[in-house]
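Chemist: After the sequence you'll find the predicted model.
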Amino acid sequence: MIYITGGSSGIGLAMGRVFAAQGAHLLLLARDEQKLKDAGRTVEKSRRSHTQKVGTMSLDVADPAAVKKKMKIALDIYGAPDILINSAGINKYADHFENITYDMFDEVMKINLYGPRNMIHTLLPVMKTGKGHVVILSSAAGLFGMFGYTAYGTSKAALLGLSDSLRYELKPLGMKLTVICPPEVDTPMNIDEAKTLPQEGRAVKSLGGFLTPEFAAKVIIKAIAREQYLYIPGASTRFLYLLHRLSNGWLTRMTSDAVIRRARKKMGK
Ligand SMILES: NC(=O)c1ccc[n+]([C@@H]2O[C@H](COP(=O)([O-])OP(=O)(O)OC[C@H]3O[C@@H](n4cnc5c(N)ncnc54)[C@H](OP(=O)(O)O)[C@@H]3O)[C@@H](O)[C@H]2O)c1
């Protein structure tokens, strides 16, 4: 049984389809019921057999009481997940820091960071028995600083901190944890982001490459199968991260500063 938060769209939905084609039972979780119903039908079409369950359940992962209540229902109907994929996330407020209010910052943290926290904390007791696998969608923006990403990037970097510590607790229990740091993936998330992302941020982001959700889903599922801890989809982002680490961040800062300078010149700033 695989639970996928954010299973109604983008990477989560694409992963649902790949898992369904591999024969998995699935529960897709997100807020919007209509989007979930549509996603459920799409995933059902990818099933290998009609005996596979594809459930949907509306849930706001940022609400800890709702997570507790709905997961109790989910466990009764579907049983404990062997794999919990935390893909639910938002990037609504990619903007200059001074334009991001306390409430906007808080909303990003509540969904992107507290969401996985709420899900994992609620399901950990039942996942222990089956030596389950926790998967967390962080981002390349959690590995590198990015112009315009003070809210989103902070939430994604915090997920890496959560993963690093949690991994040590899960390993002795026989549980697995995989944290994923994709570069830009062609999903509805980027439509939201484009409304406010400063041009400097757009220019820097293009260094990391661009993946389709189908490609991202396939390579992420392979990384889960080989129980990899940290996985970065996309060869160019993996290479950039290697340079970043070898230079202690110096090369990334130099390159990003140069790209930002050029973008600002083009903007007449
Ligand atoms: N796309 C990229 O470029 C990219 C790159 C790196 C990492 N990521 C990460 O990958 C994950 C998936 O992103 P995506 O691109 O697939 O985004 P997406 O297409 O916008 O999908 C986001 C999903 O999360 C759900 N969601 C949002 N807030 C929620 C909440 N409070 N409770 C429950 N579900 C919620 C959405 O459904 P509802 O709105 O109906 O709830 C939707 O199903 C995110 O964590 C994102 O940060 C994305």
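Modeler: Now that the structure is in, tell me what you want to look at.

Chemist: Name the residues of the longest helix anywhere in the chain that are buried.
Modeler: Using DSSP state H, we find that the single longest helix of the chain is helix 152-170. Neighbour counts over helix 152-170 (16 or more other Cβ atoms under 10 Å) mark 152-160, 162-163, 166-167, 170 as buried. C-beta here means a position set from N, CA and C on the backbone, and glycine is covered the same way.

Chemist: possible to save these as TSV with distance to the ligand and pLDDT?
Modeler: Formatted as TSV, the buried residues of helix 152-170 follow (distance: Cβ to the nearest ligand atom, whole Å; pLDDT from 0 to 100):
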residue	distance to the ligand	pLDDT
Tyr152	7	97
Gly153	10	98
Thr154	12	98
Ser155	8	98
Lys156	6	98
Ala157	12	98
Ala158	12	98
Leu159	9	98
Leu160	12	98
Leu162	13	98
Ser163	13	98
Leu166	17	98
Arg167	19	98
Leu170	20	98
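
Chemist: quick one on the thing from earlier: can you list contacts of the longest helix of the chain?
Modeler: Contact with helix 152-170 is made by 89, 91, 93-94, 108-109, 112-113, 116-117, 120, 134, 136-139, 141-143, 145-146, 176-177, 179, 181, 193, 229-230, as judged by Cβ atoms under 8 Å, 6 or more residues apart in numbering.

Chemist: Return the helix or strand in this protein with minimum mean pLDDT.
Modeler: The helix or strand of the chain with the poorest confidence is helix 189-194; it has a mean of 90 (mean pLDDT, DSSP states H and E).

Chemist: avg pLDDT for the following helix or strand past that helix?
Modeler: Counting by DSSP states H and E, the next helix or strand C-terminal to helix 189-194 is helix 199-205. Averaging pLDDT along helix 199-205 yields 92.

Chemist: Dump helix 199-205 to PDB, restricted to CA.
Modeler: Backbone C-alpha positions of helix 199-205 (Å, rounded to 0.1, in the frame of the first residue of the first chain) are rendered in PDB as follows:
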ATOM      1  CA  GLN A 199      13.500  37.800 -13.100                       C
ATOM      2  CA  GLU A 200      16.800  37.300 -11.300                       C
ATOM      3  CA  GLY A 201      15.300  34.100  -9.800                       C
ATOM      4  CA  ARG A 202      14.100  32.900 -13.100                       C
ATOM      5  CA  ALA A 203      17.500  33.400 -14.600                       C
ATOM      6  CA  VAL A 204      19.300  31.400 -11.800                       C
ATOM      7  CA  LYS A 205      16.700  28.700 -11.800                       C
END
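
Chemist: Any buried residues in it, and which?
Modeler: Buried, per 16+ other Cβ under 10 Å, within helix 199-205: 200-201, 203-205.

Chemist: could you pull out the helices for the stretch 51-200 of the chain?
Modeler: For the stretch 51-200 of the chain, the helices defined by DSSP state H, counting those that start in this stretch occupy 64-78, 102-112, 114-129, 140-143, 152-170, 189-194, 199-205.

Chemist: wait, which of the buried residues of helix 199-205 is closest to the ligand?
Modeler: Lys205 (8.8 Å; Cβ to the nearest ligand atom).

Chemist: Tell me the bridge partners for the residue nearest to the closest one when sequence neighbours are not counted.
Modeler: Distance criterion Cβ to Cβ, 6 or more residues apart in numbering; nearest residue to Lys205, sequence neighbours excluded, is Glu184 at 5.9 Å. Per DSSP bridges, the residues bridged to Glu184 are Phe210.
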